[in-house]
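Predicted model and sequence below, questions to follow.
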Amino acid sequence: MLAPVDPMDAGPRKKAAATERLCVATRRVKPTTDMIRFVVGPDGQVVADLKRKLPGRGVWVTATRQALAEAIRRKTLARAFKREVRVEPDLADRVEALLERSALDALAIARKAGALAAGFAKVEAALQRAGVVALIHAADAGPDGLAKIAAAARRRTGSQAERIPVIELFSSAQLDLALGRANVIHAALLADRAGDSFLARCRSLERFRTGIPEDRHGAS
């Protein structure tokens, strides 16, 4: 189903929503899963609606920093609402922060669900068993630790180790805060629905930052 030429929607729908929308930045019709919905808040400020549930008519932008920056620069985002609105110049930074928080919240849920092994020794132990679906390293992790865990993964899975997604999107400080412990540098994500949610949100964050998720690592 193609989206209408009008890039705005009529607000969240109780029934199945359109699966495609027109991006105000690229003027291309894309799946809504590859886009971010924006609405106008009570104060007239444009805000991101990541969950696509906020009231009011929405405008859609391809879910990349580049597309959003272009929509802000050319004022196509503001004009699409067909009313007086305020678009903050740091909107792209705010969206990235929201995507980071969404992913880290999902990581915290995965930990509570028992789907996370945190710490170098626990990661090595987890790799000795089946069920590791991703490796998480702090963006500021040292090369020695990365090399040792990569070697442990190869010993366990051989050439299949290259297929294990590696997440390097967050600093150690961000991981510490999300997991409620200090000095989190390495972690292993175990097979679980909560872990699947974290990986999906990491892909969204990676896509926003770079435009294209990295195929080999999934998100890094």
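That came through fine.

Which of the three states applies to A139?
coil (DSSP: H, G, I helix; E, B strand; the rest coil).

can you pull out the strands in this protein?
20-22, 29-31, 35-40, 46-49, 59-62, 116-118, 132-137, 166-167, 186-190, 218-219 (DSSP state E).

what residues does stretch 121-128 touch?
117, 132, 135, 148-149, 152-153, 155-157, 186-188, 190 (C-beta atoms under 8 Å, 6 or more residues apart in numbering). Any C-beta I mention is one placed from the backbone N, CA and C, and that applies to glycine too.

go again using 10 Å as the cut-off
116-119, 132, 135-137, 145, 148-149, 151-157, 161, 164, 185-190 (C-beta atoms under 10 Å, 6 or more residues apart in numbering).

Please pick the buried ones from these.
When those are checked for burial by 16 or more other C-beta atoms under 10 Å, the buried set is 116-119, 132, 135-137, 149, 152-153, 156, 161, 164, 185-190.

buried sites along stretch 119-129?
Neighbour-count burial for stretch 119-129 [16+ other C-beta under 10 Å]: 119, 123-124, 126-127.

Just the CA trace of it, in PDB.
Provided in PDB are the C-alpha atoms of stretch 119-129 (Å, rounded to 0.1, in the frame of the first residue of the first chain):
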ATOM      1  CA  GLY A 119      32.200  -9.100  32.900                       C
ATOM      2  CA  PHE A 120      35.200 -10.700  31.100                       C
ATOM      3  CA  ALA A 121      35.100 -14.000  32.900                       C
ATOM      4  CA  LYS A 122      31.400 -14.500  32.600                       C
ATOM      5  CA  VAL A 123      31.500 -13.700  28.900                       C
ATOM      6  CA  GLU A 124      34.200 -16.300  28.400                       C
ATOM      7  CA  ALA A 125      32.200 -18.800  30.400                       C
ATOM      8  CA  ALA A 126      29.100 -18.000  28.300                       C
ATOM      9  CA  LEU A 127      31.000 -18.600  25.100                       C
ATOM     10  CA  GLN A 128      31.700 -22.100  26.300                       C
ATOM     11  CA  ARG A 129      28.000 -22.800  26.100                       C
END
